[in-house]
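J.: With the input below, show me the fold.
(5 chains, ligands or ions: 4)
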Amino acid sequence: QGRKDSMVVGMTLEPPGLDPTANAASAIAEVVHYNIFESLTKINADGKITPLLAESWEVSPDLKTYTFKLRRGVKFQNGEPFNAQAVKYSFDRAGGEKSTNKDKRTFANLSTQVVDDYTVVLINKEIDPDLPFLLGQATAIIVEPKSADTNATKPTGTGPYKLDSWAKGSSLVLSKSDSFRNPGEAKLKKVTFRFISDTAAQAASLMAGDVDVFKPIGTRAVAQFKANPQFQVISGGSRAKTILAINNKKKPLDDVRVRRAILAAIDRKAVIEGAADGFGTPIGSHYVPGAEGYVDTTGINPFDIEKAKKLLAEAGVKTPLELTMTLPPPPYARQGGEVIAAELAKIGINVKIQNVEWAQWLSNTYGGPHDYDLTIVSHVEPFDLGNYSKPDYYFGYDSKAFSALYDKIKQTGNAPERAKLLGEAQKMLATDAANGFLYQPQFPSVARKGVKGLWKESPIFVNDLSSMSW
Amino acid sequence: MTTPLLEVTDLVRHYELPREKLFGPPPLVKALNGVSFSVPPGRSMGIVGESGSGKSTIARLVMALDRPTSGSVKLEGRDLHTLPREQLRAARRDVQMVFQDPYGSLDPRQTVARIVAEPLQALAETSRAAQRERVGESLAAVGLRASDLDKYPHEFSGGQRQRIAIARALITRPKLIVADEPVSALDVSVQAQVLNLMQDLQQQFGISYLLISHDLAVVNHLCDDVCVLHHGRVVERGAPQHLFAHAAHPYTQALLAAVPRAEPTVVS
Amino acid sequence: MSLFLFKRVLTLIATLIGASIIVFGVLEILPGNAAQLLMGADASPEAVASLATKLGLDQPAWTRYWHWIGGMLRGDLGDSYAYSSPVVELILERLALTVPLALLAMTFTTILALLVGVTAAARHNKLGDVGLMGLTQIGIAIPNFWFAILLILVFSVKLQWFSAGGFEGWDDGIVAGLKSLLLPALSLAVVQAAILARITRSAVLEVMREDFVRTARAKGVSQRAVLWRHVLRNAMIPVVTVMGLQFSELLAGTIVVENVFYLPGLGRLIFQAISNRDLIVVRNCVMLLAAMVVVVNFVVDLLYAVIDPRLKASDI
Amino acid sequence: MSTIVVPSAAALTVPGFWRRALHHRSFAIGAVLSALLLLAAAVSFVWTPWSPYEMDMAHKLQPPSASHWLGTDTFGRDVGSLLLVGARASILVGVIAVGIGLVAGTALGLLAAAKRGWVEEGIMRLTDFSLAFPAILSAIMMTAVFGAGIVNAIVAIGIYNIPTFARITRASANAIWSREYVAAARACGKGTFAITMQHVLPNISAVLIVQSTIRFAIAILAEAALSYLGLGTQPPQPSWGRMLSEAQTMMFQAPLLAVWPGMAIALAVLGLNLLGDGLRDLLDPRLARAR
Amino acid sequence: MPLLEVDNLQVALQTQRGPAEAVRGVDFTLERGETLGIVGESGCGKSITVLSLMGLLPSSASVTGSILFEGQELVGKGEREMCAIRGDRIGMIFQEPMTALNPVHTIARQVGEPLRLHRGLSAADARKEALALLDRVGIANAASRLDAYPHQFSGGQRQRIGIAMALACGPDLLIADEPTTALDVTIQKQILDLIAELVAERGMALILISHDLGVIAQSVSKMLVMYGGSVVESGPTATVFAERAHPYTRGLFAARPALGAPRGGRLATIKGSVPELVDLPPGCPFAGRCSYAVDACYTTRPPATPMPRGHEVRCIRLDEIAGVTP
Ligand SMILES: Nc1ncnc2c1ncn2[C@@H]1O[C@H](COP(=O)(O)OP(=O)(O)OP(=O)(O)O)[C@@H](O)[C@H]1O
Ligand SMILES: Nc1ncnc2c1ncn2[C@@H]1O[C@H](COP(=O)(O)OP(=O)(O)OP(=O)(O)O)[C@@H](O)[C@H]1O
Ligand SMILES: [Mg+2]
Ligand SMILES: [Mg+2]
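T.: Residues are numbered from 1 along each chain as shown, chains lettered A, B, ... in the order given. Ligands and ions are numbered 1, 2, ... in the order given. Model prediction:
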């Protein structure tokens, strides 16, 4: 290949701005995180947390106080130095009143104290053993006070890359930052992101040679690349959970037997095939393989149509039962919905599919009145069992037992103990059929042969460009 | 003195053209500039003149299809343009029209029976059967057969169509038929048939014609009186034989001089 | 001329006022709001609320309407919620693609349609005519996104002559820019060209029946020359009318084609802005489209006068 | 068109109509294709080779075979069955969208032609105004407000048809109003409404029929475009447009999947266009006269 | 050698109802400077006859017989060669002055076009010539109106422009197909006078078509009376007018209302109406409407019967008719 120092990366969605602390779109992090902006810690492909802007950290035994030693000699791209003040500014800003940070609540619980220029202490109001992970996410990037407000259009970070140009709607170019502390680390001089949402166009762009890497690519486009020696297909797990959310508050879905019937009617394999073209691993609860304390719960509500029918009858539900399924735009939801609707039809549940945009889904299904029976969505937050302890959450799952168990998990710092409790929580959700747990999606990427350093697993959605090369 | 059948007094009609300038009056076409004449009952009037002299405009005004800028059209003493709608309807019984184009004046979608009965529908509510009978009579009067009742206009020749149009005009037993160039679209041999027919009907039913034509000979053949129209004014009027023999107005003279005589003048 | 212009300007203003009210009203009842969407599902309600305040979404509709109109009159279209950059910039960037794309597509449409239409008319009812008209029937029946994919398959993937999509702007030169617009323009043009070719054919046939064609031939002008020199210009009135309507169809068609060729155009901007509830962008874009359609129809009327001298005196 | 030829629908009642129709090539082909479209939709109510909703992941994306004549789709459903059932949606879209445009547009156009003056001016400005919003755009806005779905898509397409029909109706009706037979009817004392119903409407009906067949075809395509954007027919209800847009994502792996609905649309549109062309010829009075 | 020699010209047209013989055996000759008139009612084949001279028949037409123009056969001649003759050697004026000119070209361009085509003049030269021509045909102020468009002229003026166009290359034969039917009597007179003047001036041959006997009487020396695609009577104008040998000619003359005739007289009519070409009997086309017709009339085409003074009539019942004075 002639162009050893540049690469074109295809992405499905365009970021609506480049400030991950102001906007939740995951496309922002995929462009800027670890490339332009950095955080104290780094989450790696295998899920391990390693130092980044922090050199090391210590945790107090009560898991509430963290002391971070910061890396020295780091400069922002506008020449300002990186130090403890910048860290305090960033975290206070993220938790502050005017903050539009998606994790505002996390930061509001933190109080940041500057010990010296290169030491900060974080005091957390709640116990959260995952804090080092949270601080490795894009919402926890360290910004420079003077440039912070213009990060959306002129991002200024400490990372190995800086924004070169952005043709909105089309492509965005990052080039190597001269002020980066370790000039040899990034091998690519120039990386272009191209935004292509149409699945067929994604495939075409790869085949026509317009794009070197597509990450992640629409699952429907993958098959043809598997057999093609010019390309490599990479796919790995994530922390995401694609579920059929069931409104636990609505009749007759408030009856556990009905929910179990629904789960029993679902053939997860078929759903994975239909919704994600096979790119997924079945899950039985709101938890994914590879996460701390995972247990296999897929056997708790296995695919069994006869049982499903019996359960429905037991619950006294008159068939056909009419339910609506509200589906947001992504293909996994639209396609998965079609499959599940067909499956539920077999046990006498007539599902009316209602396709909505994200805006509607957010304001009516997820937020506000929780006006829905069934919906399909992928929960990408790594640790979000806590949502089942909130009766107001859109699941409407209201279990005293689970809330108590979850409180206990939060208080527990001891790893094996925690793992055991987490296992119990998973089983409890599965037994209660709190939702239709479907699968852990795998996000396939397609790249030209010769592209190296692509992350296989995706614990978080980033493109770590400094690891990539030809 | 009896009231004339038709009395046209000082008829003026100016057409406004679309405005060309934002401010300033729209351009005017002065189609008629004060035309007066009258037609006594049972007599026929011809109107001749070159193209654009306002002949058809007179026809439209007499038929109350258009409103005059000023002046009046009186039919048996009633001013058509001031009559209330109901009385106008009744007055229309007495005046019917025959148009120039035998292809365009019959609705291609309607049967001959419907076309001919149209004036009846609009006026009095006679029964279907009675209507059909009258249509039959009317068609017979113009020399068409009852079997033609259910045919469509496209099944007839030009001359036959003009007969249908005349039958339609006859059905209300009108006192006046306004005929705007009724034969100029027809072939010479057919033209003679239609002219003869019109003449017969005049004798038979005592109908008056207001005959509009640019062919002097046609007018001469059918009318008791002729008006020569020039630039929206009547420049000369009188009995045709007399007028054509002793034209006084230079325009009439020019008109007459231009008519080619069917006497060979070119010798090889 | 002045009266005509005056009427036109009035129409334009009335259209824009109407459009502004309709667009604003329609978008008001869209469920969901930009703040929630920008912050995502997991955002805390506090964050969403503070963003809404920042964007001015918490003010009454009335105030926002006047704010928008007032801003527009001052030449300030506001800032996009999603991109947090001025709408003017966004739109101008997109226009730099969409307008050339629509013009290029219109050019293809016209050339193809005239060639096919006139050729078919010249071979009226012969094999060539029937064949070409059959082709246009097929052209009309093919959805443009489908044809677009086909073009990509052949010219980008198989032959690799063009890139499969994308647009790098005009900085690399006109040729490079046009090259990336070629396939999209073609896929937009095919359907419209098929329609226009049929119109052209029947208009040409109609004109060919006119007396002056026989006059021209009686002068010794050959059949071909009669067609191109005498007939075509006379046949252009209905053709140009349809072209005017097609231009707005083309603008709308870009929404789909820009999606397939991942072009940063106005159509896609509107489509995305609607689903992002970036209403300020939608409002301004729709106004722009409406204005463009009115202006194009104005140009069409001017063209009439260019084509047909009879219209000069009275209509313009 | 500079002059609108208004064919006579009287020809429809002419005894020779059907005989001539059979000998008219494009009418005959068009009629057969349109009949097939109707037949497919009708048959799908009582019989399809497979259930169009029955998924079979084990047999997805199969090439045409003896059991699945046209192969299977991404969910392992039988494409042939989907195609049959999909015809229903396409017909529905066409009929209702054209119906809305035809009824409302024709009424407006007739009113404009009959009343002239400022009524006409007003109606025409209104249609100008609505033409400034392309169909897809208004459909996108409508579906955004009222939710995606076939009904809203149909209504949006139908509304877009209104100004088109209004303009055509007005132009043709104006031509009729200037005919001498209308003057004759007026001379008989007929009112505006009676003339509109008895003379104008019958005489422009042929134009409207032809335009309807064209608009019908365009509506099918518009539904396909909306489905491509996810705004048309909603699953599990199949429509050709939706099949096509779904197949579009599989163009590289299973190109045949896009060919079937594409061909179905093309044939239906072709049929309707031919039918319209044929009707125009058959209803032309000049041809009828030469019978 | 005569300028034009037409022998047994037959034209068949493809119509909706099958083939129609629009022209069935027309013969005539025309010397240089001679004027020929053709009369007959609508649809009798007048236009088709002259269009076949120009090679401007619809593509569905098939022509047999012979047309010798200065000795060269025009029937079957290629399009290219016909283009060279049209507008150069043969000029033509059409009926409708309102539509015969291209509305979107200036008159200078239209009048100059044949000159540029056949004489290879430059645009400027053609324009100069056009000016001279327009002056000649009596367009007032021609110099200032060269760049005007047809719609800016009156009907009579347009017909003059049409004449200028036909005369541009000084043709040997001028064909005028009902050049005045659409015009007023006063203007008709001007135009006919102009044509007569020009023909005399340039020594051209003229074929003038009209359905108006008056026009024919005043403009031409020889005439043909056509009916149903056939020439039923021909000869010097004065003779035909005097003799009116054919029943149709008689009917035609009698059907015209005469100016100055006393009121109340009835017009003589020909029963029936003009037949359609497809319905014509194999014999005499007029048989169906002729009061003298016998069975033979329907079955055999009457031969041309020569009469004194170059007069010819196609009728087998001449003897019976001769007794009745016209
Ligand atoms: N609706 C109209 N608007 C404007 N001008 C009109 C209108 N109708 C007629 N005119 C003009 O009025 C004048 C007289 O027209 P009219 O039709 O009465 O003439 P005419 O004598 O019947 O002519 P022709 O013999 O050609 O039928 C003409 O100059 C014509 O152009
Ligand atoms: N293009 C054509 N196709 C078929 N038939 C035609 C065509 N042109 C003329 N005809 C028929 O040929 C016959 C002779 O037509 P022609 O034009 O020569 O008549 P004409 O004597 O010039 O009549 P008019 O006085 O009306 O001009 C008519 O019956 C006409 O219907
Ligand atoms: Mg008139
Ligand atoms: Mg003729």
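
J.: Return the helix or strand in the chain with minimum mean pLDDT.
T.: Reading this off chain A. helix A:358-360 (a mean of 81; mean pLDDT, DSSP states H and E).

J.: my bad, the chain I had in mind was chain E
T.: helix E:318-322 (a mean of 79).

J.: then it to CSV, C-alphas only?
T.: What follows is helix E:318-322, C-alpha atoms only, in CSV (Å, rounded to 0.1, in the frame of the first residue of the first chain):
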residue,chain,number,x,y,z
LEU,E,318,-72.6,13.9,-71.7
ASP,E,319,-75.2,13.5,-74.4
GLU,E,320,-78.1,13.4,-72.0
ILE,E,321,-76.8,16.4,-70.1
ALA,E,322,-75.9,18.5,-73.1
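
J.: ok, back up a step: does chain C sit close to the least confident helix or strand of chain A?
T.: Yes - against chain C, helix A:358-360 shows contacts by CB under 8 Å from any CB of the partner chain at A:358-360. In this view, the C-beta of every residue, glycine as well, is placed from N, C-alpha and C.

J.: next structured bit after that helix?
T.: Reading on from helix A:358-360 to the C-terminus, the next helix or strand found by DSSP states H and E is strand A:374-379.

J.: residues in contact with that next one?
T.: If you take CB atoms under 8 Å, 6 or more residues apart in numbering or on different chains as the criterion, strand A:374-379 is touched by A:240-247, A:262, A:275, A:286, A:323-328, A:330, A:332-333, A:336-337, A:340, A:351, A:361, A:365, A:387, A:436, A:438, A:441, C:41.

J.: one more time with 6 Å, if that's ok
T.: With CB atoms under 6 Å, 6 or more residues apart in numbering or on different chains as the test, strand A:374-379 has contacts from A:240-242, A:244-246, A:323, A:325-327, A:333, A:336-337, A:365.

J.: What about these, which are in strands?
T.: A:241-242, A:244-246, A:323, A:325-327 (DSSP state E).

J.: From chain B, how far off is the residue most central in space within chain E?
T.: Centroid-nearest residue in chain E, with CA atoms, centre = their mean: E:Ile209, separated by 2.7 Å. Separation of E:Ile209 from chain B (CB to the nearest CB, to the nearest Å): 14 Å.

J.: Excluding sequence neighbours, find me the nearest residue to E:Glu31.
T.: Nearest non-adjacent residue to E:Glu31, counting by CB to CB, 6 or more residues apart in numbering or on different chains: E:Pro2, 5.2 Å away.

J.: what secondary structure does the one you found sit in?
T.: coil (DSSP: H, G, I helix; E, B strand; the rest coil).

J.: what's the burial count for the residue of the stretch 351-470 of chain A found nearest chain D?
T.: Nearest to chain D, among the residues of the stretch 351-470 of chain A, is A:Asn355, at 4.9 Å (CB to the nearest CB). Around A:Asn355 there are 22 other residues, counting by other CB atoms under 10 Å in any protein chain shown.

J.: now D:Ala107
T.: 14.

J.: Which of the contacts of strand A:374-379 lies at the shortest distance from chain B?
T.: For these, the nearest to chain B is A:Leu327 (52.5 Å; CB to the nearest CB).

J.: so what's that closest one up against?
T.: A:333-334, A:337, A:355, A:376 are the contacts of A:Leu327 under CB under 6 Å, 6+ apart.
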